[in-house]
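# Quick one, fold the following:
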Amino acid sequence: MWFVDDHFPGFVACEFVDAENRVHTLADKVPAVITDDLDAISIYPQTGGIRCTVLQRWQEAIAGELVRVSIDYPDAMETTEGMWEFVVNSAPATRIPRGHREENPAGIWRWVDDE
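All right, here's what the predicted structure looks like:
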């Protein structure tokens, strides 16, 4: 993650890699991806997390458990390419209860629990 704009509350750009090793870039407000108070003079790069909704999960022999996630809900995010749905490895995903906001540990996908 790196800082891109100092308009309140500050905006950062983040990169992540999907299950097919494609790099995606997301730009959003600092509080949407990390709980730290970052600004233009903070040390970068930083790591953060993105809340998402798990749409599907399955197991593959080589890749292991994969999940199709949407970043359109609950936070209405999309990448700089206009994408909001991705297949990612499930290892860095952590479940959180619906409506609950937690700190975003480094490199963690956070998904909303629909159960």
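# Do you know the pLDDT at the nearest residue to residue 30 once chain neighbours are set aside?
Nearest non-adjacent residue to residue 30, counting by CB to CB, 6 or more residues apart in numbering: residue 10, 4.3 Å away. For every residue, glycine as well, the C-beta is placed using N, CA and C. Looking at residue 10, its pLDDT is 87.
# How about residue 22?
Reported pLDDT for residue 22: 95.
# same check, this time on residue 99
53.
# can you give me the helices for the protein?
With DSSP state H as the criterion, the chain has helices at 30-33.
# on that earlier part again, in contact with the residue nearest to residue 30: list those residues for me.
For residue 10, the contacting residues are 3, 29, 30, 38, 39, 40, by CB atoms under 8 Å, 6 or more residues apart in numbering.
# next one: residue 15
1, 23, 24, 25, 26.
# go on, residue 11?
3, 4, 5, 27, 28, 29, 30.
# Name whatever forms a beta bridge with the first one.
Following DSSP bridges, residue 3 is listed with bridge partners residue 12.
# pLDDT score assigned to it?
86.
# Pull up the distance across stretch 58-78, start to finish.
For stretch 58-78, the first-to-last residue distance is 23 Å (CA to CA, to the nearest Å).
# how much space between the most centrally placed residue in the chain and residue 62?
Using CA atoms, centre = their mean, the residue of the chain that lies closest to the mean C-alpha position is residue 50, 2.4 Å off. According to CB to CB, to the nearest Å, residue 50 stands 25 Å off from residue 62.
# Please check the contacts of residue 15 and keep the buried ones.
1, 24, 26 (16 or more other CB atoms under 10 Å).
# Sort out for me which of those are in strands.
Mapping these onto strands (DSSP state E) picks out 24, 26.
# which one of the buried ones among the contacts of residue 15 is nearest residue 83?
Each of those was checked against residue 83 using CB to CB; the closest is residue 24, at 6.6 Å.
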